Each structure stands twice: as structure tokens, then as C-alpha cells.
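Engineer: Dropping the sequence and predicted coords here.
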Number of protein chains: 2
Amino acid sequence: MDANRRIERQLTEALVPGATPPLLSLAMHHAVFPGGARVRPRLCLAAAAACGMDDPVLVDATAAAIEMLHCASLVHDDMPCFDDAATRRGRLTVHRAFSEPLALLAGDALIVLAFQTIARAAAHCAHPERLGAVMRIVGDSVGTPLGIVAGQAWECEKRVDVAAYHRAKTAALFAGATMAGAAAAGGPVEAWNAVGLRLGEAYQVADDIGDAISDAEQLGKPVGQDAAHDRPSAVRELGLKGAVKRLEELADLAVEAIPPCPGRAELGALMRQEARRLVPKTLPAHAY
Amino acid sequence: MDANRRIERQLTEALVPGATPPLLSLAMHHAVFPGGARVRPRLCLAAAAACGMDDPVLVDATAAAIEMLHCASLVHDDMPCFDDAATRRGRLTVHRAFSEPLALLAGDALIVLAFQTIARAAAHCAHPERLGAVMRIVGDSVGTPLGIVAGQAWECEKRVDVAAYHRAKTAALFAGATMAGAAAAGGPVEAWNAVGLRLGEAYQVADDIGDAISDAEQLGKPVGQDAAHDRPSAVRELGLKGAVKRLEELADLAVEAIPPCPGRAELGALMRQEARRLVPKTLPAHAY
């Protein structure tokens, strides 16, 4: 089964409504389906595959958990007290489609479901002794002091180090994806940290570029949010051209950081392909 | 060391700011300290002690996690899109003392920190093989389909079964506390479910009574919220006198449900003492 089908199957199974209050269940579903590029869980599966993939049950649960945590952060970030965004992936955001209370609870429920999903997998996976490491990596990549929730909280501070902010807000979950994938597959964990960090930084730069130059229809969400909210951004710091150069450098660094493993060459090729997809085909004239 | 000191020490260690954004760290601290009665973590420790307490590291982490999840739910429930409460435990609520974004993030961070705390303990506890069961119990008691987040979401539905609503909104985390305490101590898990459920139901009834008859200064938070928000309540369903009778019955059922274990008699005495504390000393004249 290919990576995309594994991810969608695992997410679908995790989000079966059962006895969940119907509106909450629908709001959670709206937050997760249809997905975006599923970049983080694919990265998690890719790292696990490169390490040998000897426990697909734990790996699939970990990848799905990473995606649920990402979706939860989007739901909460879109809420009126943050971005107050009306659209996401070309559809209404969860609080617009349902309500603020349901958006708040759907985000909470998805955060918890991520950990429930990994914990449930541990009951019938090949290597339950890996659960502690996987849980620590996933938790640290989302929580305090250095995960995406902390990253979002830097927006509430007067003094912000842009690099630290981006590392926490975006790169931390990418690093969590590669490290947790490696941990679930019994590979070396620390060696995968740099791969995820560099890729995550590249995605954050790509996001900043998208926010600065795209139109809302193309991006599927409101644009110009960084300037409107006076947020740190690679484009504001380096200029548009400098940001594109930085993105390319980061993608190269990510590929170079892949530790020796059976699937190194294949993964490097996949990552270079992804990076090319991120660089805007055409830049507006004012970038030069 | 007594239960209260163990709980405060574990919570204090878990909430060390480190590199966390300062305002987020303060908001999380405000949500957790000074605590309320710490009923849930004490119940978790009591169940573990009754089972034999052969892994205090895992048990303490589990108890603290249960309390963090409770505090997170209070922070989010107090927000403007739910109760819009200005005070809690006699102080400003987190969104009033800090901001809505910081309250939202502090709740998220505490949910994640609960799982981080248990996962970290697993790295140096006596019985890491119990981690999976502890994580599943804790996750299920908070998330979907039957945990406190689902319970809160029933308030967004048109048709609600009051018993199911209370079981999820309050009793689920009490049952999680007893079962996770038993699991962390290597005891029988399912046997502890009924103890927590009955106690949780008793607390919810006590909470409904408090909301109906207390004044705000005594309760430390706004009163009359159930009627104001048209929420299901034992007092609205059974009348004040009926609700007090139900509370006493539930406390008796909880004590009877304690499974055979070394600490059964001691725990039963403690629970009866707690239950007496919950019953209002004087009821207003209109209760009769």
C-alpha cells in the first residue's frame, strides 16, 4: 500500500465517530479531511521506511498522530483570537463552518486523539517497548518548551528571535515527524533531527513566500496575514529573492543530513522533488 | 511524603519554564497554581496506594497528568465562547489575566504536557511496560468518544442525555484517575472504573448544587451558570433536595465499588470523609 493510502486509512479509522457527539465528530472530520499535502505524515513514513519499517502498525499510528496534531494547530490558529481566518484549503475554517466552541473542542479532541491513536497501536504492534520514545518525541514536538504550541505563543511576546520562532512553530513538528518515524521503526533518533528541522525551516520559508505573493484563491486561505498581524516572516527579513535562495539552501541541507540507512538515496530524491514543488515558478517583478 | 506534597512537587517540576515563551509559561502556571482541592490526582494516588504502589515514579506522573488535563479543561471552558467566566478559584480566569490567545495556547500546552509528563516518567520508572495502558486510559478519559472534551461538546448538541453528558464531562476523568492509578501501580484496571465513575457523578451533582445555591464569593467563580446557559443540571432535573440525596447515594456506591485490595478500608474512609465535605451544610429554605 502506498504512503498516501496508509495515511488516509489510518486517519479514517482513528476518526470513526462511534459515540462521539455528532457535531464534534463532524468538526473533527472537517479539520482533517480532505487533507492538504500530508507532508508531515509522509515524511514520518519515509524516515521509518528508510530505517527499515519493521513495525508498520506503530509507524502508521505515529504518522497519523503527527497529522492530527498539525490539523489541530491549524484549527486553533484560524480562530478569531488568532488569525480570524474564514477559509482554509479552499473551504470554510472549522469555526466558520461550525462554531467557535466546536472549533476549540475539535482542536482539543484531535490533540488527545493523536496520543490515543499511538497508545492504542501499542497494544497490538510488534515493538511496544518503543512507545515511550515515540510519545516523548511527538509530545515535545508539539508542546513546551520548543514545540509548535510554544512557537505559536511567541506571537504573544514583545521580543522574538525569528529563527527560534520558526523552529518551534513549524520545524519542530517536521523534526518530530522524522525522529518519531525513526523511533517507531527502531532507527537512530537523534540523527534524524537535523533532516526534519531543515525541511521544516524550508516549509516555513515557503509558507512566508506564499503568504507574500500568492492570491487567496490559489493558496486556499487568506494572504498577507504576516504583514497584517505584524508577524516575523522570512520575506520581511530577507526580501522575496533572499527568501527563495534560503529555501533552496535549506532543502539541500536537509538532504545532506539524512543519516546512512538502507533508503537514503530514494528519500533524498523524494525530498528534492518536494523542494522543487515549493519554489514558486514565477516571482512577481518587485522581487528582483 | 504525603499525597499533596507529591502532587505539588510533580506539577512544579513539570511546569518549570525552561525555554518556554515567558507569557505562555506564566499563563500555564496561573492555570495550575494555586490548585483547587486536587481531588482527581489524590484519587489517582489513593487508587495506586490501595493497589500496592510499586512504581511511584509512574504513579506520580500519572496523577499530575490527570490534574493538568483537568486544569486545561477549566481554562478552555472559561473562555468567552463557552462560559465567558471572569473568575475561577477566586482569581481572574486565564483569558482575563492574560489574553484569549494565551488561554487557548495554555490549555493546549497543558494537554500536551500531561502526555509528555507520563512519557518522560516512562524513561526512568520501574515498569515502563505499563505505559501503553496508562496512556490509553488517560487519553480515553479526556478525548473522544467518551471523555471530558466529548462531554463539553454535548453542550453544543440539541438533544442531550443528561446522564451520558455528566458521565463524559466529569465522571470520565474521575474514572480515568482511579483506573490510571491502578494501571500505573500494576493493579486490576476495569475493577476501578465504577469507583471513579460513581465519585465523578457525585462531584458533578455537588457542582450543580454549588452552582444553584452558593454565592460567587464562596464558590470562587460565577454562579447560576447552568440556568444562564440552559445546561442540563441535576438540580434542574431532580430538585435541590433530590440532588443532595443522589449525591449521598453515589458516594455510598463508590465506596462499595472499591475492589478487594490491601488499602480498601483506608480508602473507603477517605472517600466517605470527602463525600461529607461535598454535601452542603445548610440548604436554603426553598429546597424543602
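Structural biologist: Perfect, I can see it now. Numbers count the residues shown, from 1 in each chain, chains lettered A, B, ... in the order given.

Engineer: Output stretch A:184-194 as CSV - backbone C-alpha positions only.
Structural biologist: In CSV, the C-alpha atoms belonging to stretch A:184-194 read as follows (Å, rounded to 0.1, in the frame of the first residue of the first chain):
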residue,chain,number,x,y,z
ALA,A,184,8.8,3.8,15.7
ALA,A,185,10.9,1.8,13.2
GLY,A,186,13.8,1.2,15.6
GLY,A,187,16.2,3.6,13.9
PRO,A,188,18.6,6.1,15.3
VAL,A,189,16.5,9.1,16.6
GLU,A,190,18.9,12.0,17.1
ALA,A,191,20.4,11.5,13.6
TRP,A,192,17.0,12.4,12.1
ASN,A,193,16.6,15.6,14.0
ALA,A,194,18.5,17.8,11.5
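
Engineer: is any part of that stretch close to chain B?
Structural biologist: No. Stretch A:184-194 does not reach chain B (C-beta under 8 Å from any C-beta of the partner chain); its nearest approach is 12.6 Å. (C-beta placed from N, C-alpha, C; glycine too.)

Engineer: and the closest residue to residue A:99 other than its chain neighbours, how many neighbours does it have?
Structural biologist: Take residue A:99 and drop its neighbours on the chain: the residue closest to it by C-beta to C-beta, 6 or more residues apart in numbering or on different chains is residue B:156, 6.7 Å away. With neighbours defined by other C-beta atoms under 10 Å in any protein chain shown, the count for residue B:156 comes to 18.

Engineer: Isn't residue B:156 up against residue A:101?
Structural biologist: Yes. Counting by C-beta atoms under 8 Å, residue B:156 does reach residue A:101; the two are 5.6 Å apart.

Engineer: Please spell out the segments of chain A that come in under the pLDDT threshold.
Structural biologist: Applying pLDDT under 70 to chain A flags residues A:1, A:215-221, A:282-288.

Engineer: could you redo the last one with a cut-off of 50?
Structural biologist: A:288 (pLDDT under 50).

Engineer: what ranges do the strands span in it?
Structural biologist: Listed in chain order, the strands of chain A (DSSP state E) span A:87-88, A:91-92.

Engineer: Distance of residue A:111 relative to residue B:103?
Structural biologist: Per C-beta to C-beta, to the nearest Å, residue A:111 is found 15 Å from residue B:103.

Engineer: do residue A:24 as well
Structural biologist: Counting by C-beta to C-beta, the gap from residue A:24 to residue B:103 is 20 Å.

Engineer: How about residue A:199?
Structural biologist: From residue A:199 to residue B:103 the distance is 32 Å (C-beta to C-beta).

Engineer: Show me which of these two is the more surrounded one.
Structural biologist: Using other C-beta under 10 Å, the more surrounded residue of residue A:199 and residue B:103 is residue A:199, with 29 against 24.

Engineer: How about that one: what's its closest non-neighbour residue?
Structural biologist: In space, residue A:199 is closest to residue A:254, 4.5 Å off (C-beta to C-beta, 6+ apart).

Engineer: Check residue A:143 too.
Structural biologist: Per C-beta to C-beta, 6+ apart, closest to residue A:143 is residue B:112, 3.3 Å.

Engineer: Quick check: the one you found touching residue A:148?
Structural biologist: No. At 9.4 Å, residue B:112 and residue A:148 do not qualify as touching, with contact defined as C-beta under 8 Å.

Engineer: Tell me which residues touch the closest residue to residue A:236 other than its chain neighbours, please.
Structural biologist: Excluding the flanking residues, the one nearest residue A:236 by C-beta to C-beta, 6+ apart is residue A:226, at 6.8 Å. Taking C-beta atoms under 8 Å, 6 or more residues apart in numbering or on different chains, we find residue A:226 in contact with A:208, A:211, A:212, A:232, A:233, A:235, A:236.

Engineer: Which of the residues you listed has the largest number of neighbours?
Structural biologist: residue A:208 (25 neighbours).

Engineer: I'd like to know how far residue A:101 sits from chain B.
Structural biologist: Look at residue A:101 and chain B: by C-beta to the nearest C-beta, to the nearest Å, they are 5 Å apart.

Engineer: Who are the contact partners of that residue?
Structural biologist: B:81, B:82, B:153, B:155, B:156.

Engineer: top of the residues you listed by neighbour count?
Structural biologist: That'd be residue B:153 among the contacts of residue A:101, by other C-beta under 10 Å, with 28 neighbours.

Engineer: Which residue, neighbours along the chain excluded, lies closest to that residue?
Structural biologist: Using C-beta to C-beta, 6+ apart, the nearest residue to residue B:153 is residue A:24, at 3.7 Å.

Engineer: how much space is there between the one you found and residue B:154?
Structural biologist: 8 Å.

Engineer: With residue A:197 instead?
Structural biologist: 41 Å.

Engineer: Tell me which residues touch residue A:143, please.
Structural biologist: A:149, A:150, B:109, B:112, B:113, B:116.

Engineer: now residue A:92
Structural biologist: residue A:86.

Engineer: do you know how far it is from residue A:17?
Structural biologist: For residue A:92 relative to residue A:17 (C-beta to C-beta), the value is 20 Å.

Engineer: How about residue A:265?
Structural biologist: 42 Å.

Engineer: Neighbour count: the two, which is higher?
Structural biologist: Under the criterion of other C-beta under 10 Å, the comparison of residue A:265 against residue A:17 puts residue A:17 first, with 14 against 11.

Engineer: In this structure that one contacts residue A:109, no?
Structural biologist: No. Taking contacts as C-beta under 8 Å, residue A:17 lies outside contact range of residue A:109: 11.4 Å.

Engineer: related to what we said a few turns ago, which one of residue A:24 and residue B:154 is surrounded by more residues?
Structural biologist: A count of neighbours by other C-beta under 10 Å puts residue A:24 above the other of residue A:24 and residue B:154, at 26 against 23.

Engineer: Can you point out the buried residues in stretch A:153-169?
Structural biologist: A:153, A:154, A:155, A:156, A:162, A:164, A:165, A:166, A:167, A:168, A:169 (16 or more other C-beta atoms under 10 Å in any protein chain shown).

Engineer: Can you give the distance from it to the centre of its chain?
Structural biologist: 17 Å (C-alpha atoms, centre = their mean, to the nearest Å).

Engineer: Repeat that for stretch A:3-23.
Structural biologist: With C-alpha atoms, centre = their mean, you get 18 Å for stretch A:3-23.

Engineer: Other residues contacting it?
Structural biologist: By C-beta under 8 Å, 6+ apart, stretch A:3-23 touches A:1, A:25, A:28-29, A:32-33, A:35, A:38, A:41-42, A:45-46, A:56, A:60-61, A:63-64, A:67-68, A:98, A:102, A:109, A:113, A:116-117, B:144-146, B:150, B:153-154, B:156-157.
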